[in-house]
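Asks: output the structure for:
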Amino acid sequence: MTSKNKTKGIYYCPMHCEGDKTYEQAGNCPVCGMHLVKENVTPPSGDEYTCPMHPEIKQNNPGNCPICGMNLVPVDPVSEEDDTYHRLLKKFKVALLFTIPIFIISMGEMIPNNPVNEYISVGVRNWLQFTLSLPVVFYACWMFFENAWMSFKSFNLNMFSLIGLGSGAAFIFSVIALLFPDVFPEQFKNADGSVFQYFEAVTVILTLVLLGQLLEARAHGQTSQSIKELIKLSPTEATIIIGKVESRISMHDIRVGDLLRVKPGEKIPVDGKIDEGNSSIDESMITGEPIPVDKKEGDQVSAGTINGNRTFTMLAEKVGSETLLAQIVKMVNEASRSKAPIQKMADTFSKYFVPAVILIAIITFFVWYLYGPQPSMVYAFVNALAVVIIACPCALGLATPMSVMVGVGKGAQNGVLIKNAEALEKMNQVNVLITDKTGTITEGKPSLEKVVSLGSYTENELLAYAASLNLLSEHPLAEAIVQKAKKNHIAFEKAGNFESVSGKGVIGTSGQKSILIGNDKLLSANDIVIQDQKRDTVETQQKLGKTVSYLAIDNKLEGFLIISDAIKQTSKEAIQTLVEKGIMVYMLTGDNHNTAQAVASELNLTHFKAECLPQDKLEVIKELQAEGKIVAMAGDGINDAPALVQSDIGIAMGTGTDVAIESGKIVLLKGDLQGIVKAKSLSEKVMRNIKENLFFAFVYNVLGIAVAAGALYPFFGILLSPMIAAAAMSFSSVSVIANSLRLRSMTL
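Replies: Numbers count the residues shown, from 1 in each chain. Presented below is the predicted three-dimensional model:
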């Protein structure tokens, strides 16, 4: 292997022989011998720049050409996938160059007037075929024999085992027949005393297998196209502002805290927030939603999204591998490499398949030798060879990983990130969906409507205490309270002794006073009494779908906060679609019963549970699983993390917390229940595609072996030559690849 192909990176076997195991250098899989595929990474290098008019000008940073003054552009190197394809293409051309004359010489008697046999004797023809076959066997296709030897040595039998065994046996037989014809029985000899040789069969078989490998290499480039498209979203350079000076810098030189300018139509270089200005941002490339999103000062923006028609400045907060785009590419890569449980069936089948094929080939040989027509020895050898060649399980090995790779990439383009292939398969089996309310069904952007005072404190004083405490909370409701205080220009200080009581509220101290904010469970736990009249006032608001938080100061109820959170427009439609697909939807929320019932009524939900603590959600999921249900859980907060892990499929909203996203097996970038509909549709289509591939590959192998062994000969006189068997074997792999690539055009 040349030094060119020893470049460092992350490589994996396209057959996923060792699951998600990766390698640091290019080469062949130690198990099956397949060429290792390089994982696509982001951001693009952009390390080397050149002039479009003067390619001899190259430098490591952007700038202007010293000759003509044109802007330098990044060099776009040939990917290693393309390099593998071109190396195989070169070998295929060599194999084809020598195989065609061998085929013509061997099949000369089929040409009108038989010019080959008229001018070239049998002995010369045989030596010519032998000489021409050497570049094919020992250069263009020698890798197949290396892979076969590796498979037998480690007893990890695979397609190369059969290719090496079959074509190797035919080549050695032919060489011995050429050099020592007298050692063969009369059955193998022609009228002139020579032995029939298989140089043309060997070279044609190896060339066809090489063609299959060439097409597979091309297909692997196509299956990872979605990842490449994601990588292309990241620009190679950005405009940095230092003082009053603006200059262009490489993406690699951006640091956290840098002030960047994004001009109209430009791609946003890194993750951050708008410092000055506003614009509409096209986020379709990461959410799948075509409508631009309005952004203003303080709003978050993501790398790879496209600015509208206004300029703004932004502060860089996440750069390099920390950006959302980089994390998406990483997750897609990891999911593409992972194994689906359904693949275990194919792996188990392949493990026993190759020894079974060798046994069938041996039985075929003896049956034809003992009971076949004359020359029985020749029939026995040819049919046994055809069995070995046509049975290559390549199509079976490719059936699952090809579909998974295309499906995961398609999901990423539509804002549905699948963390592993198991999640993709299990999503197809889900029959119960557990969903949180705030931030999942609702917008997750609550607003504080009103502060109600019940005692000696004014509404502004209560708001100041509430904001002081909630400044330290991560809950969406807390953010609404803090924002209301800031909007009303109410001064407040950071609270002390802060504690978040999961599922109940928060407690702490502010201005030497003890503050409690939360639901009635929190007040009850602290022996704070709620009078019936005040409770009735709160329940009236809750029945309108509002969330109410009690506020107590020094162990006395002093008021409450009325907070509203609008239901997402897409939630009702998404829930209806899921129900039509046979999925029972449960809403579990920490909110009170009245508010939960109001939301459930609007969504036509019959299954819901209110006042759920994290452990309550966990118990509900365990109960449903005990009943044999396959449960998916959708959530966005830290309190949802235990339930996300316990569920069969955890679905995290990309708009939620990092903990929830890490706990989920599927991430919806838009944080919308419609994403679950997309995930379900994606899973159904990918699993159907995998089953089609496995069915075709399995049935093809079984029927192919039967025909090659001569099952049709007694009835129709049909035999399968080793060359036709090799062509059929390659066609089966290409068919599986083509069927997998159909997923690229599916709509979610």
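Asks: surely A464 meets A485?
Replies: Yes - the pair formed by A464 and A485 meets the contact definition of CB atoms under 8 Å, at 6.5 Å. C-beta coordinates here come from the backbone N, C-alpha and C atoms, glycine included.
Asks: which neighbours do those two share?
Replies: Applying CB atoms under 8 Å, 6 or more residues apart in numbering, one finds that A464 and A485 are jointly contacted by F492.
Asks: per-residue confidence averaged over stretch 544-557?
Replies: Mean per-residue pLDDT for stretch 544-557: 86.
Asks: same thing with stretch 251-259?
Replies: Mean pLDDT, stretch 251-259: 89.
Asks: give me the residues contacting it.
Replies: 43-44, 46-47, 234-238, 240-242, 260, 269-270, 275, 313-320.
Asks: that stretch: end-to-end distance?
Replies: Start and end residues of stretch 251-259 are separated by 13 Å (CA to CA, to the nearest Å).
Asks: do stretch 365-376 as well
Replies: Using CA to CA, the end-to-end distance of stretch 365-376 comes out at 9 Å.
Asks: one step back: what subset of the contacts of stretch 251-259 is buried?
Replies: Buried members of these, counted by 16 or more other CB atoms under 10 Å: 43-44, 46, 234-238, 240, 260, 269-270, 313-314, 316-319.
Asks: please narrow the residues you listed to those residing in strands.
Replies: Counting by DSSP state E, the buried ones among the contacts of stretch 251-259 place 237-238, 240, 260, 313-314, 316-318 in strands.
Asks: pick out the most distant pair among the residues you listed.
Replies: E237 and E317 (18.8 Å; CB to CB).
Asks: check which helix or strand covers the nearest residue to T577 once chain neighbours are set aside.
Replies: Using CB to CB, 6 or more residues apart in numbering and skipping the chain neighbours, the partner closest in space to T577 is V677 (5.1 Å). Using DSSP states H and E, V677 falls within helix 674-709.
Asks: following element in sequence after that helix, please.
Replies: That would be, after helix 674-709 and using DSSP H and E, helix 713-716.
Asks: ok, and what's touching that following helix?
Replies: With CB under 8 Å, 6+ apart as the test, helix 713-716 has contacts from L719.
Asks: what is the mean pLDDT for that helix?
Replies: So the average pLDDT for helix 713-716 ends up being 81.
Asks: can you point out the buried residues in that helix?
Replies: Buried-residue list, helix 713-716, by 16+ other CB under 10 Å: Y713.
Asks: do stretch 741-748 as well
Replies: For stretch 741-748, a neighbour-count test (16+ other CB under 10 Å) marks 741, 743, 748 as buried.
Asks: out of these, who's nearest L544?
Replies: L748 (35.7 Å).
Asks: surely that closest one meets S683?
Replies: No - taking contacts as CB under 8 Å, L748 lies outside contact range of S683: 10.3 Å.
Asks: do a quick rundown of the strands in the stretch 51-200 of the chain.
Replies: 58-59, 73-74 (DSSP state E, counting those that start in this stretch).
Asks: which stretch in those is the model least sure about?
Replies: strand 73-74 (a mean of 54).
Asks: what's the separation between the residue nearest to T577 and G650?
Replies: The spacing between V677 and G650, counted by CB to CB, to the nearest Å, is 17 Å.
Asks: neighbour-wise, which of those two wins?
Replies: Neighbours per residue, other CB atoms under 10 Å: of V677 and G650, the larger number sits with G650, 27 against 21.
Asks: dump stretch 616-632 to CSV, keeping only the CA atoms.
Replies: The C-alpha trace of stretch 616-632 is given here as CSV (Å, rounded to 0.1, in the frame of the first residue of the first chain):
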residue,chain,number,x,y,z
ASP,A,616,-43.1,9.0,38.7
LYS,A,617,-42.4,9.2,35.0
LEU,A,618,-39.8,6.4,35.5
GLU,A,619,-42.4,4.2,37.2
VAL,A,620,-45.0,4.7,34.5
ILE,A,621,-42.5,3.7,31.8
LYS,A,622,-41.5,0.6,33.8
GLU,A,623,-45.2,-0.4,34.2
LEU,A,624,-45.9,-0.1,30.5
GLN,A,625,-42.7,-2.0,29.6
ALA,A,626,-43.9,-4.8,32.0
GLU,A,627,-47.0,-5.0,30.0
GLY,A,628,-44.9,-5.7,26.9
LYS,A,629,-45.1,-2.2,25.4
ILE,A,630,-42.3,-0.7,23.4
VAL,A,631,-42.0,2.8,24.9
ALA,A,632,-40.6,6.0,23.4
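Asks: pLDDT on that stretch, on average?
Replies: Here the average pLDDT along stretch 616-632 is 89.
Asks: from now on call the first residue 15
Replies: With the count now opening at 15, the last piece we talked about shows up as stretch 630-646.
Asks: for that stretch, list every residue counted as buried.
Replies: 630-632, 634-635, 638, 643-646.
Asks: dump these to CSV, plus secondary structure.
Replies: CSV is the format used below for those (DSSP: H, G, I helix; E, B strand; the rest coil):
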residue, secondary structure
D630, helix
K631, helix
L632, helix
V634, helix
I635, helix
L638, helix
K643, coil
I644, coil
V645, strand
A646, strand
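Asks: what's the closest of these to F210?
Replies: Among the buried residues of stretch 630-646, I644 lies closest to F210 (CB to CB), at 59.6 Å.
Asks: could you check how far that closest one is from I597?
Replies: Look at I644 and I597: by CB to CB, they are 10 Å apart.
Asks: give the residues shared as contacts by those two.
Replies: 444-446.
Asks: quick one, strands of the stretch 415-564 of the chain?
Replies: 430-432, 446-449, 461-467, 510-515, 519-524, 527-532, 561-567.
Asks: for the stretch 565-714 of the chain, same thing?
Replies: Under DSSP E, counting those that start in this stretch, the stretch 565-714 of the chain gives strands at 570-578, 598-602, 621-623, 645-649, 663-667, 680-682.
Asks: take those strands and write them to TSV, including distance to G525.
Replies: Listed next are these as TSV, based on distance: least, CB to CB, whole Å:
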stretch	distance to G525
strand 570-578	13
strand 598-602	37
strand 621-623	38
strand 645-649	35
strand 663-667	36
strand 680-682	41
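Asks: of all the ones you listed, which one comes closest to Y366?
Replies: Among these, the nearest to Y366 by CB to CB is strand 663-667 (31.6 Å).
Asks: how far is that closest one from where the chain is centred?
Replies: The chain centroid and the centroid of strand 663-667 are separated by 16 Å, computed with CA atoms, centre = their mean, to the nearest Å.
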